[in-house]
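1. show me how the following folds:
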Amino acid sequence: MVRRTRREMFEPGLGEVRREGRRIGGGVARRAVCAEASGVDPVRRNVEMMDEKRRREVLKRGMSGPWQAEPMLGSCYGEEEIEAVVKTIRASMDPSVGFGFIVEEIEEFERLFAEYCGTKHAVSISTASCGLDMAMRCLDLEPGEEVICPSINFRAAPMAVLGAGGKLVLCEVDLATLCADPKDVERRITPRTRAVLATHMNGLSAPMDELLELAARHPNPKHGPLKVIGDAARACGGGYKGTKIGKKGWMNVFSFHTMKNMTTLGEGGMITTDDDGILSRLHEMRQFGGEHWGSSYKMTKVQAAVGPIQLARLDGMIAARRKLARQRSEMLEGCPRVVLPQEPEGYEHSYYMYSVLVAREWAGEKRDRLIGVLKEEHGVDCGVFNRPVEEEIPYVRRHTEGQELPVSAEVGRRLFCPPIHPRMSEEDNEYIAAAVWEAVGRIEREG
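-> Predicted coordinates for the structure are as follows:
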């Protein structure tokens, strides 16, 4: 057996999946440490037919351990991140140096991130939620002006619209992608519309070209073409029509929260833009203001020191997520009562979530029963990411009363997301697929 150092286990660019084994229950399950970028699928294996016999074998074997529906650490960390943190702290211990404000580490991370996304500019921030607030404030919304935002969403984006004094207009999503449906967006545009805040949902890009075309075709009478802003909190590393998510649109806002595709010590974010004119305002806004209102939305020096290391790992981590998703979809092919996630041509899903819909006739009670069986009988934790935001968040509901969103209501009753993670082993992934087959069969037999 070849033994490797901890550094070797995490070294980017090695082009293979490192594995650590441990015995759980009736057999050995292996957890992949991290599949790094190499341009080649690192481990090729035939996905075995998920027939009843195979399912029972896999379920008997068990999982290496419990996976949260949304794992608390969404990326892979190793010795390089630890060394960068320690080095940066040591270099900051001199009273004349300290941790600074907008320091070299921050500027270098911004440069690398802009280069990665193909944009002119990247502005680091303390959290993606702050970035969404900043984007909305840059619109200088006047009373009654509207911003369109999907109902199937985490609360941060709609809250940013309301926090900036805008009127929140919720829109439907496309059932195939869970991203904003351009046809429904167009129906909701009025002379008061200023922007579309489109979420790149669960790792898949919003249809930016279609939204930008709508924005140009339906200009605001006073301000001109609508602004299209992307909420890329869950989509770092994904692709869209030959570009990285973050390139298309007026701005895109990324999250480096602990759960996301890459993380800067648990919090942090980035805004990308090609707009030279808005750059100075973003810089001003994140550091107490000047000509315009501002506050303190800065990333720290130590977070920024970790950023380039995580960015170098990102393509490998996305490749691992995509491989797991592809294999899972192959294993679930033909499974009744479920609709698997789709990837439109020209898109590159980052699979922050593996989003599944149950059949319409299973919406609601049977979907909830399926989630319960997966958790209680098989230890597979699933979440609903996300229900209609107006159903979950009272503040949003109060500001959107009377808005009808039947498709979103349906999605909220059909959606469920089994766990996925770049460190998940193929064996654990196979177990999850087997558990879905078994749970669906169980509920079908219950009638």
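2. give me the number of residues near Glu142?
-> By the criterion of other C-beta atoms under 10 Å, Glu142 has 12 neighbours. The way it works is simple: take the backbone N, C-alpha and C, and place the C-beta from them, glycine included.
3. quick one: secondary structure of it?
-> Here Glu142 is recorded as coil under DSSP: H, G, I helix; E, B strand; the rest coil.
4. now it, nearest residue through space, not along the chain?
-> Nearest residue to Glu142, sequence neighbours excluded (C-beta to C-beta, 6 or more residues apart in numbering): Gly165, at 7.9 Å.
5. my read: Gly203 touches Met353, true?
-> Yes: contact status for Gly203 versus Met353: in contact at 6.4 Å, counting by C-beta atoms under 8 Å.
6. now do the shared contacts for those two.
-> Arg234 (C-beta atoms under 8 Å, 6 or more residues apart in numbering).
7. contacting residues for the residue nearest to Glu142?
-> 141-143.
8. columns distance to Glu438 and pLDDT on top of those, output as JSON lines?
-> Formatted as JSON lines, those follow (distance: C-beta to C-beta, whole Å; pLDDT from 0 to 100):
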{"residue": "Leu141", "distance to Glu438": "50", "pLDDT": "98"}
{"residue": "Glu142", "distance to Glu438": "56", "pLDDT": "97"}
{"residue": "Pro143", "distance to Glu438": "55", "pLDDT": "96"}
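9. nearest to Gly237, of those residues?
-> Each of the contacts of Gly165 was checked against Gly237 using C-beta to C-beta; the closest is Leu141, at 30.9 Å.
10. next one: that closest one from Ser126, what distance?
-> Using C-beta to C-beta, to the nearest Å, Leu141 is found at 22 Å from Ser126.
11. try Ile189
-> In terms of C-beta to C-beta, Ile189 sits 33 Å off from Ser126.
12. ok, Met50 next?
-> 44 Å.
13. please parse this protein into its domains.
-> 6-70+319-446, 79-309 (automatic domain parsing).
14. return the most buried member of those.
-> domain 79-309 (a mean of 21; mean count of other C-beta atoms under 10 Å).
15. so where's the stretch 251-400 of the chain uncertain?
-> Within the stretch 251-400 of the chain, no stretch has pLDDT under 70.
16. show me where it has helices.
-> Along the stretch 251-400 of the chain, counting by DSSP state H, counting those that start in this stretch, helices occupy 276-286, 301-332, 365-378, 389-392, 394-399.
17. tell me which of the ones you listed sits nearest to Ile82.
-> Closest among those, using C-beta to C-beta: helix 301-332, at 9.2 Å.
18. check which helices and strands that closest one sits against.
-> Packing partners of helix 301-332 (3 or more C-beta pairs under 8 Å, 6 or more residues apart in numbering; DSSP states H and E): strand 27-35, helix 79-91, helix 104-117, helix 426-446.
19. switch those over to a markdown table; also include mean pLDDT and distance to Ile148.
-> Listed next are these as a markdown table, based on pLDDT from 0 to 100; distance: least, C-beta to C-beta, whole Å:
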| stretch | mean pLDDT | distance to Ile148 |
| --- | --- | --- |
| strand 27-35 | 36 | 38 |
| helix 79-91 | 98 | 38 |
| helix 104-117 | 98 | 24 |
| helix 426-446 | 97 | 34 |
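20. how about the strands in the stretch 101-250 of the chain?
-> For the stretch 101-250 of the chain, the strands defined by DSSP state E, counting those that start in this stretch cover 121-125, 146-150, 167-171, 193-199, 227-231, 239-240, 243-244.
21. surely Pro66 touches Lys375?
-> No: taking contacts as C-beta under 8 Å, Pro66 lies outside contact range of Lys375: 9.8 Å.
22. give me the common contacts of those two.
-> What both Pro66 and Lys375 touch, as defined by C-beta under 8 Å, 6+ apart, is the set Asp381.
23. got a pLDDT number for the closest residue to Pro182 other than its chain neighbours?
-> Excluding its sequence neighbours, the residue lying closest to Pro182 (C-beta to C-beta, 6+ apart) is Glu210, at 4.1 Å. pLDDT, Glu210: 98.
24. just checking, Glu210 touches Ala180?
-> No: Glu210 is beyond contact range of Ala180, at 9.1 Å (criterion: C-beta under 8 Å).
25. ignoring the adjacent residues along the chain, who's closest to Asp381?
-> Going by C-beta to C-beta, 6+ apart, Asp381 has Ala69 as its nearest residue, at 4.5 Å.
26. A helix includes the one you found, no?
-> No: counting by three-state DSSP, Ala69 falls outside a helix, being coil.
27. which ones are touching it?
-> 381-383, 385, 417-419.
28. could you rerun that using 7 Å?
-> 381-383, 417, 419 (C-beta atoms under 7 Å, 6 or more residues apart in numbering).
29. low pLDDT regions in the stretch 1-150 of the chain?
-> For the stretch 1-150 of the chain (pLDDT under 70), the answer is 1-48.
30. try it again at 50.
-> Within the stretch 1-150 of the chain, the ranges that satisfy pLDDT under 50 run 1-33, 35-46.
31. return the distance of the closest residue to Arg397 other than its chain neighbours relative to Phe256.
-> Nearest non-adjacent residue to Arg397, counting by C-beta to C-beta, 6+ apart: Glu390, 4.7 Å away. Plainly put, Glu390 is 28 Å away from Phe256 if you go by C-beta to C-beta.
32. and Arg414, by the same measure?
-> Distance from Arg414 to Phe256, by C-beta to C-beta: 31 Å.
33. can you check Ile148 too?
-> 26 Å.
34. one more: Met63?
-> For Met63, the distance to Phe256 - C-beta to C-beta - is 28 Å.
35. also Val161?
-> Counting by C-beta to C-beta - Val161 and Phe256 are separated by 22 Å.
36. list the contacts of His399.
-> 162, 168.
37. next one: stretch 339-351 to chain centre, how far?
-> 13 Å (C-alpha atoms, centre = their mean, to the nearest Å).
38. then stretch 400-415?
-> With C-alpha atoms, centre = their mean, you get 21 Å for stretch 400-415.
39. try stretch 61-76
-> Counting by C-alpha atoms, centre = their mean, stretch 61-76 comes out at 16 Å from the chain centroid.
40. circling back: next, the residue nearest to Glu142: phi, psi?
-> When read as degrees, to the nearest 10, the backbone of Gly165 gives phi 90, psi 10.
41. ditto for Gln403
-> According to degrees, to the nearest 10, Gln403 has phi -80, psi 130.
42. quick one, what contacts it?
-> Counted by C-beta under 7 Å, 6+ apart, Gln403 has contacts Leu170.
43. follow-up on the earlier one: so which of the helices of the stretch 251-400 of the chain comes closest to Glu81?
-> helix 301-332 (5.0 Å).
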